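>>> got a sequence here, can you model it:
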Amino acid sequence: MSIIDKNPVDKQLFELSDSIKRTQRLDESLRKSKANSERTLASRTPETLEKQRKFKEQKAIDQARIKELSEELAKLKSFLFDALSKSAEEKGVNEALKDFAEELKIFKSMSDEEARIMRKKHGNYIGYYNSLFIDLSTVNADFMLVAPNEILMNLETKYINKLNENQLNLLLKKYKEANLVDSEYFRKKYMKCFPALINQIKDIDDFISAMLRHPEYYSHMNKELRKNISLYAPELKTIIVRNPKVIEYMPLDDIDLVASRYANYIGSVIENNIKVLDYLYPSFFRTHNPKYIFNNVNKSKLYPKIEEYLPKFAELREFFAKSKAKINPKKEEQNAEITETSGMNV
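Sure thing, here's the model as predicted:
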């Protein structure tokens, strides 16, 4: 037990001392606050007060103007979205823009004014005009090719992926002219969309995304990824399962890598996409045992699909020949009965 606990007088003195200290701290805080207030008041020169008055006055003007512009811009945007969407569908994007050039000019002027005011507080404000083209690009991807450069980093990749290769090259040109291609954000979000940049992709997940859309560019794999290809069997499996067409463009070593580690996945891919066999080399089933490839596959359902490919794959022909009775035992029994009956008739 402490001395304070033992001696009531000492305890009272301790509490009094602590109270005095708190009071002193409070007094010091109030003194500093008063001094700061006095300095602030002293610094409020007539010029400062005038600036503050003008700022408040301008703020009120801005708020009123924003309200007025926003109401009008919302109506114009709705009208232009419907009109341009319909016109572009009928005549094409360029003709649609010509048809509504005057309305767009007025709309842009008002939008620019509203954006200048809004950016005083929100530096990254998009504005109605830019927002119109973002929305238009969701219903007609061609609008991305004529959109303001300011929205290039706001486009959704799912709409970029609707563009054909020529359109993608035109859009990539816009990104380059806007000096956006070297930015980290572009590399992470957009690089995988453009076939011309696939050889620069260093992230395996981005390469997967690119191959789902452009499997024909598989051979453009970045050298760093190629160097570590043995590490990426799971990712290559993902590509094959989600887009079997990539097998057409994969080197034999990569196909063998996936088949050796994920044999039953290859079997499922073949079952669901029989045309995959067009792209496998003739000795594939000599390297990879059909027993394991088709381990999880219903062979009786697979056989009619695969039968036309048996001349190409000797080992596959042998595999199904051995399992033919198991695949269709009733048919084999019927064949045996017919043979016996024929013998009796003779």
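>>> shaky segments in this structure?
1-21, 37-45, 47-62, 123, 324-346 (pLDDT under 70).
>>> let me see the ranges of the strands in the stretch 101-250 of the chain.
Here the stretch 101-250 of the chain has no strands by DSSP state E, counting those that start in this stretch.
>>> and the helices in the stretch 101-250 of the chain?
Taking DSSP state H, counting those that start in this stretch as the test, the helices found in the stretch 101-250 of the chain are 101-118, 128-139, 157-160, 165-177, 184-189, 204-213, 223-227, 233-242.
>>> got the CA coordinates for the shortest one in PDB?
As requested, C-alpha coordinates have been extracted for helix 157-160 and formatted as PDB (Å, rounded to 0.1, in the frame of the first residue of the first chain):
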ATOM      1  CA  THR A 157     -12.200  -2.200 -70.800                       C
ATOM      2  CA  LYS A 158     -15.300  -4.300 -71.400                       C
ATOM      3  CA  TYR A 159     -16.400  -1.800 -74.100                       C
ATOM      4  CA  ILE A 160     -12.900  -1.400 -75.500                       C
END
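>>> okay if I get the helices of the stretch 101-250 of the chain as CSV plus mean neighbour count?
C-beta here means a position set from N, CA and C on the backbone, and glycine is covered the same way. Below are those laid out as CSV (neighbours: other C-beta atoms under 10 Å):
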stretch, mean neighbour count
helix 101-118, 15
helix 128-139, 19
helix 157-160, 15
helix 165-177, 15
helix 184-189, 13
helix 204-213, 20
helix 223-227, 12
helix 233-242, 18
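>>> can I get those in JSON lines with distance to residue 315?
Compiled in JSON lines, the helices of the stretch 101-250 of the chain are given as follows (distance: least, C-beta to C-beta, whole Å):
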{"stretch": "helix 101-118", "distance to residue 315": "65"}
{"stretch": "helix 128-139", "distance to residue 315": "50"}
{"stretch": "helix 157-160", "distance to residue 315": "42"}
{"stretch": "helix 165-177", "distance to residue 315": "39"}
{"stretch": "helix 184-189", "distance to residue 315": "45"}
{"stretch": "helix 204-213", "distance to residue 315": "29"}
{"stretch": "helix 223-227", "distance to residue 315": "30"}
{"stretch": "helix 233-242", "distance to residue 315": "21"}
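>>> how near is residue 228 to residue 257?
Look at residue 228 and residue 257: by C-beta to C-beta, to the nearest Å, they are 12 Å apart.
>>> neighbour count winner among these two?
residue 257 (18 against 9; other C-beta atoms under 10 Å).
>>> how about that one: what's its closest non-neighbour residue?
residue 233 (5.4 Å; C-beta to C-beta, 6 or more residues apart in numbering).
>>> same question for residue 278.
The shortest distance from residue 278 to any non-neighbouring residue, by C-beta to C-beta, 6+ apart, is to residue 248 (7.7 Å).
>>> same check on residue 161?
residue 213 (5.6 Å).
>>> residue 311 now?
Using C-beta to C-beta, 6+ apart, the nearest residue to residue 311 is residue 317, at 7.1 Å.
>>> pretty sure the one you found is touching residue 308, no?
No: at 11.3 Å, residue 317 does not count as touching residue 308 under the criterion of C-beta atoms under 8 Å.
>>> ok, back up a step: what number of residues lie near the residue nearest to residue 311?
17.
>>> may I see the buried residues of the helix or strand encompassing it?
Using DSSP states H and E, residue 317 sits within helix 314-322. Within helix 314-322, the residues that count as buried by 16 or more other C-beta atoms under 10 Å are 315, 316, 317, 319, 320.
>>> for the first one, what are its contacts?
What that stands for is residue 315. Residues in contact with residue 315 (C-beta atoms under 8 Å, 6 or more residues apart in numbering) are 283, 285, 286, 290.
>>> look up phi and psi at the second one.
Its backbone dihedrals place residue 285 at phi -80, psi 0, with angles given as degrees, to the nearest 10.
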